[in-house]
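Engineer: Test case, fold it:
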Amino acid sequence: MNPVEALNEIAFRLEFERAPQFKVQAFRRASAIVAALAPDELAERAADGRLKNTKGIGASTFEVVSQALGGDVPHRLEKLRADAVEILSEEGRALHAQIRGDLHSHSDWSDGTTSIDLMVEAGRMLGRHYLALTDHSPHLTVAHGLTAERLTEQLAVVESINAGGGSTSTDLTSADSAYASEPLRLLTGIEVDILDDGSLDQTPELLERLDVVVASIHSHLRVDSRTMTDRMLGAIADPHTNILGHCTGRLVEGSRGTRPPSEFDAQRVFAACAENDVAVEINARPERQDPPDELIALALEAGCLFSIDSDAHAPGQLALLDYGIERAARAGIAAERIITTWPLERVLAWAS
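Structural biologist: Residues are numbered from 1 along each chain as shown. Below is the predicted model of the structure:
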């Protein structure tokens, strides 16, 4: 198989498994090096030892390239494919077939690990019709949140990508490459911090220019229930808010450890979401599983809309959406109540 495709598929699958970033980057760096070489030159360098001695090519990545050049599926890739776990039940697969987009993702403009272009290509490969780029806002300095100036620059980049001016690479994985001809609309967006007073961490003028605004709380998660409720209600009432992101802020597993859910009046918060046409996010990341099942049931009873989102910080993590799809299917949420099953035009009209 093609060595670049092999290296990229390994990186993609490692990202999906949430492997340590240094492991993923080893394969992405090697892919970039190999992609820059003509096929004949690559074969010559692999044969005479120069490739093995190239900075950025390690023992593992050299083995993958060598096996791919030999016409084999690399052993590392074979194992990753064999170990892949089926996430979706029959009900989950039925809902998956109706999913059209993902409204929460990050790039290396904030705390994501790869370029916007690679995120777009992964979304296209996965069959998404639309993907919202929602990098963080300025208050979240630990995540390199975007100032108003940087967000304005990003809007121009998104416009260029949608116009066909961005760089493209259809070699993210060796899966069926028919996706390359499928259109994908990259939506402008932000995951904006909900500040302590319930306001949103970006200028109203810029928020007005965005296609999608995901409002989330990332700080002071242990305040009392009344304070947290008022804070959330303030953000939900803001006309720019479209989606309430990972509403409890909990962590149930993963490299960051665990964190209990924030305390708030869920009935009041979900009633406000329903009244203000704000969707409750079902955050698909396994370490979040947010909201918990009992809160999904409350939001469903309150008449809320839902948005199943990957919260991806790397291309392979876009496929984590399946975890959220399965949870929504188990909860019995009708597809019509899930905005990410809607066609693009309807999503944009709803969010405007």
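
Engineer: how does the protein divide up, domain by domain?
Structural biologist: Here the domain parsing of the chain from automatic domain parsing is 3-83, 90-351.

Engineer: can you give me the helices for this protein?
Structural biologist: 3-16, 21-35, 39-48, 59-69, 75-83, 90-96, 116-125, 148-162, 204-209, 225-237, 266-276, 293-301, 321-331, 344-351 (DSSP state H).

Engineer: Please name whichever of those is nearest to Glu287.
Structural biologist: Glu287 lies closest, by C-beta to C-beta, to one member of the helices of the chain: helix 321-331, at 10.1 Å. The C-beta positions use only the backbone N, C-alpha and C, and glycine is treated the same way.

Engineer: I'd like the average pLDDT over the closest one.
Structural biologist: Regarding helix 321-331, the rounded mean pLDDT is 98.

Engineer: mind checking how far that helix is from the chain centre?
Structural biologist: Relative to its chain's centre, helix 321-331 lies at 15 Å (C-alpha atoms, centre = their mean, to the nearest Å).

Engineer: in the stretch 101-250 of the chain, which ranges drop under the pLDDT threshold?
Structural biologist: Within the stretch 101-250 of the chain, the stretches with pLDDT under 70 are 165-182.

Engineer: residues in contact with the residue most central in space within the chain?
Structural biologist: Using C-alpha atoms, centre = their mean, the residue of the chain that lies closest to the mean C-alpha position is Ala312, 2.2 Å off. Contact analysis of Ala312 by C-beta atoms under 8 Å, 6 or more residues apart in numbering lists Asp102, His104, Ser105, His106, Gly112, Met119, Leu318, Leu320.

Engineer: ok, now Asp265?
Structural biologist: Contacts for Asp265 were tallied using C-beta under 8 Å, 6+ apart; they are Ser225, Arg226, Thr229.

Engineer: and the gap between it and Ala26?
Structural biologist: 47 Å (C-beta to C-beta, to the nearest Å).

Engineer: that older thread, show me the contacts of Ala312 that map onto strands.
Structural biologist: Asp102 (DSSP state E).

Engineer: what's the closest of the contacts of Ala312 to Val269?
Structural biologist: His104 (18.5 Å).

Engineer: Next, count neighbours for the closest one.
Structural biologist: 28 (other C-beta atoms under 10 Å).

Engineer: Out of the contacts of Asp265, flag the one nearest to Leu146.
Structural biologist: Closest to Leu146, out of all of the contacts of Asp265 and judged by C-beta to C-beta, is Thr229, at 28.0 Å.

Engineer: hmm, back to that, scan the contacts of Ala312 and report the most crowded one.
Structural biologist: The residue in the contacts of Ala312 with the most neighbours, by other C-beta under 10 Å, is Ser105 (32 neighbours).

Engineer: Quick check: it touching Tyr130?
Structural biologist: No - contact criterion C-beta atoms under 8 Å: Ser105 and Tyr130 do not qualify, at 10.9 Å.

Engineer: quick one, what contacts Leu131?
Structural biologist: Taking C-beta under 8 Å, 6+ apart, we find Leu131 in contact with Gly101, Asp102, Ser105, Met119, Val120, Gly123, Leu184, Arg185, Leu186, Leu187, Leu318.

Engineer: Can you name the two of those that sit furthest apart?
Structural biologist: Arg185 and Leu318, at 15.0 Å, using C-beta to C-beta across the contacts of Leu131.

Engineer: nearest spatial neighbour of Gln25, skipping sequence neighbours?
Structural biologist: Thr113 (7.5 Å; C-beta to C-beta, 6 or more residues apart in numbering).

Engineer: that older thread, put together JSON lines for the contacts of Leu131, with distance to Val158 on each row.
Structural biologist: Formatted as JSON lines, the contacts of Leu131 follow (distance: C-beta to C-beta, whole Å):
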{"residue": "Gly101", "distance to Val158": "15"}
{"residue": "Asp102", "distance to Val158": "15"}
{"residue": "Ser105", "distance to Val158": "12"}
{"residue": "Met119", "distance to Val158": "11"}
{"residue": "Val120", "distance to Val158": "9"}
{"residue": "Gly123", "distance to Val158": "13"}
{"residue": "Leu184", "distance to Val158": "12"}
{"residue": "Arg185", "distance to Val158": "10"}
{"residue": "Leu186", "distance to Val158": "5"}
{"residue": "Leu187", "distance to Val158": "8"}
{"residue": "Leu318", "distance to Val158": "17"}
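
Engineer: For stretch 257-271, buried residues please.
Structural biologist: Pro261, Ser262, Glu263, Phe264, Asp265, Ala266, Val269, Phe270, Ala271 (16 or more other C-beta atoms under 10 Å).
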